[in-house]
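>>> Structural data only, the sequence is not supplied:
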């Protein structure tokens, strides 16, 4: 009423003019529908609890009704901090929001139990985890079935990368950067991949300089169920005529806590 009473006398002579003045005055209070880009802006902050991040994601989903529920895990995964929940939805994406929330609750409880545990008991639990994952990896003559003992072949494998079966993956271990060649990345068809700009000079097989284009994190799965393990691996994308699709180096080998053997043509790793 204050706005109406403040109008100059004689400034409104028709209802149409009153309607226009009213709309212009209060248009700033109009709530506009949010687009799907709003969800991509919801990123888990440093030190933010998983429960709080999930709550913010759900609120964002409800504000964008056009987003399909089958897309939620793909949208959420790049914005999660590294951890077991991120690996879980990368390995087996949930089909809908209800399944996503049910699985998230499991990891929320684990996180909160760990956070509120007594410091001394927490150290004991850590030691138990170390013992549980302290597997002994050995190679013996039975692993030589197939390759000729005199071979000099490199270790080349097939693995699941971002839920796609990728062949011609070289397990090398001689460098500190995992490489994915641009042509292989394009064939994965990942439209919503989150890239980090980078300009790291690399050395090719011939010693010439190669400039990496960008950096991306993707899930890679080794083995077959029930002996399968999935980890999030960071790749440098390189635009260069490729001898392989992917080259896995020390970072990937260490992430899987694994031991490759080109002589045995095997790559062994512990599974949960």
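Right, received. Where do you want to start? None of these values were measured; they are calculated from a predicted model.

>>> Can you name the residues bridging to the nearest residue to residue 247 once chain neighbours are set aside?
Once flanking residues are discounted, residue 247 sits nearest to residue 179: 4.2 Å by C-beta to C-beta, 6 or more residues apart in numbering. From N, CA and C alone the C-beta is placed, and that goes for glycine too. Residue 179 has the following beta-bridge partners by DSSP bridges: residue 236, residue 247.

>>> and residue 179, what does it touch?
Residue 179 makes contact with 202, 235, 236, 238, 246, 247, 249 under the criterion C-beta atoms under 8 Å, 6 or more residues apart in numbering.

>>> Do I have it right that the fifth one meets residue 169?
Just to be clear, that refers to residue 246. Yes - counting by C-beta atoms under 8 Å, residue 169 is a contact partner of residue 246 at 4.5 Å.

>>> Which one's more surrounded, those two?
residue 246 (25 against 22; other C-beta atoms under 10 Å).

>>> where's the more buried one relative to residue 87, distance?
19 Å (C-beta to C-beta, to the nearest Å).

>>> Same check on residue 184?
22 Å.

>>> With residue 43 instead?
Distance of residue 43 to residue 87, given as C-beta to C-beta: 18 Å.

>>> Just want to know which of the two has more residues nearby.
residue 87 (19 against 15).

>>> Which residues are in contact with that one?
219, 230, 231, 232.

>>> What residues of the host helix or strand of the second one count as buried?
So that's residue 230. Using DSSP states H and E, residue 230 sits within strand 227-238. Buried residues in strand 227-238, counted by 16 or more other C-beta atoms under 10 Å: 229, 230, 231, 232, 233, 234, 235, 236, 237, 238.

>>> Check which helices and strands that strand is in contact with.
On a contact count with 3 or more C-beta pairs under 8 Å, 6 or more residues apart in numbering; DSSP states H and E, strand 227-238 meets helix 84-91, strand 179-181, helix 182-188, strand 209-224, helix 250-255.

>>> how far out from the middle of the chain is the shortest one?
Put plainly, it is strand 179-181. 17 Å (C-alpha atoms, centre = their mean, to the nearest Å).
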